[in-house]
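>>> Sharing a model that was predicted from the sequence below.
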Amino acid sequence: MLAMASEAAWAEKRVALIVGNSRYQTVPQLANPSRDANAVARMFRDAGFDSVEVQINVGNLEFKRAIRKFETTADQADIAVVYYAGHGLELAGTNYLIPIDAKLASDRDAEDEAILLERLVSSADGAKRLRLVILDACRDNPFVPAMRRERKLANRAVTSGLGRVEPTSTDTLIAYAAKAGSTADDGDGQHSPFTAAVLKNLTVPGLDVRLAFGRVRDEVLKTTANRQEPFVYGSLGGGNISLVPAPAGARDAPASDVKADYELVQKIGSRRAWEVFLGTHPTGFYADLARAQMDSQAPSANTVVAALPPQAAPSTRESSSKEALEWDGLKDSTDPAVLQRFIKRYPDSPLSIMAQQRMDLLRKAAQEREDQARAARDAARKAAEEALRQAEQRKAELAAARKREDDERRAREVEAAEKARAAAAELAAAKKREEEERRAKAAEAEQKAKAAEAERKAAEAKQKAEQAEREKAAAEVAALRAASERQAREAEAARKKAEMAAAREASCKSEQTKLEELIAKGSEGSGLDDLKSFSRTVSCDRLGPLVVASLDRFNAAAARRAAALPNSPELLRAAQTQLIRLGCLTGSVDGTLNPPTRTALGRYLSIGGQPTENASVTEGLVAELNRHTTRVCPIECRAGETLRGETCVADEKPKAPPAIAARPKDDDDVQSRRKQGGRQSDRETRSKPAQDAPRARQQAVARPSIVSGGRSGGSAMIGVGF
């Protein structure tokens, strides 16, 4: 049952709105509210709340939007908690919370610039089980001393902190950091004394919220040396209501906490307070004491049973005893539905009459509260109407005063305008006279200036004419001198040019003679290096193309001579290409006399019966290789293979004899005869007529993939001749 109860409690939806205002714009800032708000938000998140909305340092519009948004969130919740830390004040019995952008220059500004506490409280009305509002807003308010008192009614007093409040909705608690009419400390530490106690006690698992605030009160009184006393307004129904349910199988609370809760409830002394205590601490020594306190306040079941008539049957007496026990548990209930169920269950019981009376009292009390609330609303409405009437009257008076002021101002403006016009006319006449005098003086001065200017211009013209004559004479002299100097320079330049031309011509003839000698020497196959050196020092321009052409011709002749030398790279590449075509070389063409090329060249020369010692590649050898049209070098098979037609075929293995065959006595002779037979076969093959060679070459070229580079020992070889 405990586990089921715990799961049901955890299934409740819990939401919270947290507001902390520290950075006020027109008064000194507060140190702790923003830190307090963040810490409380973190506490509710750690407690598993479904939604925690945090607003730090909000202005009027942001504050109202946050409240409006939270109204929608609270409508879907079971428990709704609102926490505010910052400045607050009471004005004419109405409590206000102050945004950071409020100026509050006058007591008339509160309705526009501050937030009604009633609106913040009503934002949690949609919660189904508990509505909790926590206000750490009773600090000494710096707005109050500087605020102008423009409202003249006597009941328009402005007070620091918040005034007493009574929630109109059920299951609602409003917790003040300090009792109404007193102020709270902001604190020198990280948090205010009130918020520090809330952080410590409010979310203790299974602790009833009323007992939690009782602990908060005791701790704040102790911390502030009884200067600050927190207070809680509102009431809750019977049963235990905690923000964090106790987990199933949780251990008992410390004895010191149970004792403190017991002493707190003992001060209250009501039966409902004892029920709250037992809901939080159902077992233990103090629980038994609490039950004893409840028994001393309620009629016992024996008294109810004894009141029955003597002729009642034993079963009736036993049933009445059960009724009395049940009645003891619900006699102080404030829920009419619970009493109605008891009456339906025991319609003939005398206790049903008491239950009906209790229901009538509850209805009457509810009606009285409703009447009081209606009367309060009517009074508030009348007060608002009166205030509106007075405001309208004040507005009319202000309008009349403004009209009188406007009329007087207009009259003063008309008189001032007439005086200004007269002064302007007089000033304009004086200005006109001054302007005429100024113009006359200006005309006279202008005439004198024109005469002086004419004289100056005549003198300047005369000076310019004289200067022009002098400059003209000087220019003619300079022109004659320049012409003479130019003619002298031109004659000198012509002489130097003729000398340079003669020198260049002599140099060109000398260089041309040397070039002809070098060309004649180069035609004999030498003199290329001398011609290159001459090309770097030649200075005659017309010999440049001839030198370049001679160098090109000498280089080409040298290249041809180098290419015709034995074993030149050009001849080697041509020979390698032909040896590959003739089946003698399996390597690549690289223009070097590498070992594979030497081997291939030796094979070719040996087949042709030519000497292989110190073989070299010449133009004649390349021409000879080009004349062959088919394969020259024979196909070579590996050991264990026999050439059949154009293919190397593996030799058939002989069947194994019953016993190991004995080696021929004269095995060396057999091998010798085989070698001799092979050489004889080669000689016979080479001795065949030349007309059979083309066919053999064509057959050999048909399968180049079986050509092998040859292996020593056991290789078969066939020649195709030339």
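Nice, thanks for sending it over.
>>> Every contact and neighbour count from this point should use C-alpha atoms.
OK.
>>> Next one: residue 478 from residue 490, what distance?
18 Å (Cα to Cα, to the nearest Å).
>>> Residue 347 now?
152 Å.
>>> helices or strands up against the helix or strand containing residue 90?
Taking DSSP states H and E as the criterion, residue 90 maps to strand 88-91. Applying 3 or more Cα pairs under 8 Å, 6 or more residues apart in numbering; DSSP states H and E, we find strand 88-91 packed against strand 94-97, strand 158-160.
>>> Can you flag the weakest of those strands by average pLDDT?
Per-stretch mean pLDDT for the helices and strands packed on strand 88-91 is lowest at strand 158-160 (a mean of 61).
>>> so where is the stretch 551-700 of the chain shaky, pLDDT-wise?
Low-confidence segments of the stretch 551-700 of the chain (pLDDT under 70): 558-559, 561-563, 646, 655-700.
>>> and residue 553, that's in a strand?
No - if the criterion is DSSP: H, G, I helix; E, B strand; the rest coil, then residue 553 is helix and not within a strand.
>>> Tell me who's in contact with it.
By Cα atoms under 8 Å, 6 or more residues apart in numbering, the contact list for residue 553 is empty.
>>> State the distance from it to residue 497.
From residue 553 to residue 497 the distance is 36 Å (Cα to Cα).
>>> So which residues of the stretch 501-650 of the chain form strands?
Using DSSP state E, counting those that start in this stretch, the strands of the stretch 501-650 of the chain run over 641-644, 647-650.
>>> so where do the strands sit in the stretch 51-200 of the chain?
Here the stretch 51-200 of the chain has its strands, by DSSP E, counting those that start in this stretch, at 51-56, 79-85, 88-91, 94-97, 115-116, 130-136, 158-160, 172-176.
>>> mean confidence score for the shortest one?
For strand 115-116, the per-residue pLDDT values average out at 94.
>>> Which neighbouring elements make contact with that strand?
With contacts taken as 3+ Cα pairs under 8 Å, 6+ apart, strand 115-116 sits against helix 60-75, strand 94-97.
>>> what's that strand in contact with?
Here strand 115-116 makes contact (Cα under 8 Å, 6+ apart) with 60, 63-64, 94-99.
>>> Can you list the strands that that strand pairs with?
Within its sheet, and counting by DSSP bridges, strand 115-116 is paired with strand 94-97 (antiparallel).
>>> looking at the strands of the stretch 501-650 of the chain, which is closest to residue 14?
Checking the strands of the stretch 501-650 of the chain against residue 14 by Cα to Cα gives strand 647-650 as the closest, at 94.9 Å.
>>> Just the buried positions in the closest one, please.
Neighbour counts using 16 or more other Cα atoms under 10 Å place 647-648 of strand 647-650 among the buried residues.
>>> Sheet partners, orientation included, of that strand?
strand 641-644 (antiparallel).
>>> Render the CA-only coordinates of the partner strand in PDB, please.
Extracted C-alpha coordinates of strand 641-644, given in PDB (Å, rounded to 0.1, in the frame of the first residue of the first chain):
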ATOM      1  CA  GLU A 641      59.600 -30.600 -72.000                       C
ATOM      2  CA  THR A 642      59.800 -31.600 -75.600                       C
ATOM      3  CA  LEU A 643      59.100 -29.400 -78.600                       C
ATOM      4  CA  ARG A 644      56.200 -30.800 -80.700                       C
END
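>>> Kindly spell out which helices and strands sit in contact with the host helix or strand of residue 421.
Assigned by DSSP H and E, residue 421 belongs to helix 350-522. Applying 3+ Cα pairs under 8 Å, 6+ apart, we find helix 350-522 packed against helix 314-330, helix 336-345, helix 528-537, helix 544-563.
>>> Packing partners of the third one?
So the one you mean is helix 528-537. Using 3+ Cα pairs under 8 Å, 6+ apart: helix 528-537 touches helix 350-522, helix 544-563.
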